[in-house]
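Sequence and predicted structure are below.
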Amino acid sequence: MDCEDVRLHLHDDQRGHLGPELHRELRTHLEGCPACAHEEAAEHMLTEVLERRLPQHPASLALKRRLLAQWPAAPVESRPWWMGVIWWEWFVSGGGPNDNTYSPRDKPAEKFLTAWYHRG
Ligand SMILES: [Zn+2]
């Protein structure tokens, strides 16, 4: 599986729609490819923010792609506007799978955000 395959399958994988074989190949690639791992983190982040926040209006793929284009290439320097919202609400709301706010707390996105901001 190359980078292009991984990008194609990320969305399905995060919804558990990938078969075990593909899932394993994807995981193996992500472990060895920082660029795709970064892409996966961004995908998680956007799913969390856009789809859990507005479950009745799932984010279109086009909107996701636009936001992904703004995902900072390096941490800290240039955060898109919505990052501020997330940090603001991280500790304000309760968190967890039933917390339907921007907070990534106790959700899958938290793991990725934490890794992202601690890597530099
Ligand atoms: Zn890759």
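Nice, I can see it.

Mind listing residues that contact stretch 1-10?
Outside stretch 1-10, the residues within contact range by Cβ atoms under 8 Å, 6 or more residues apart in numbering are 18, 22, 25-26, 28-30, 33, 35-36, 39-40, 43. (C-beta placed from N, C-alpha, C; glycine too.)

From those residues, which one has the minimum pLDDT?
Within the contacts of stretch 1-10, residue 43 has the lowest pLDDT, namely 82.

wait, doesn't that residue sit right on residue 13?
No: contact status for residue 43 versus residue 13: not in contact, 9.0 Å apart, counting by Cβ atoms under 8 Å.

that older thread, could you flag which of the contacts of stretch 1-10 are buried?
Buried members of those, counted by 16 or more other Cβ atoms under 10 Å: 18, 25, 26, 29, 30, 33, 36, 39, 40, 43.

Out of those residues, which sit inside helices?
In helices, judged by DSSP state H, the following of the buried ones among the contacts of stretch 1-10 are found: 25, 26, 29, 30, 36, 39, 40, 43.

Contact partners for the third one?
Applying Cβ under 8 Å, 6+ apart, we find residue 29 in contact with 1, 2, 3, 5, 6, 36.
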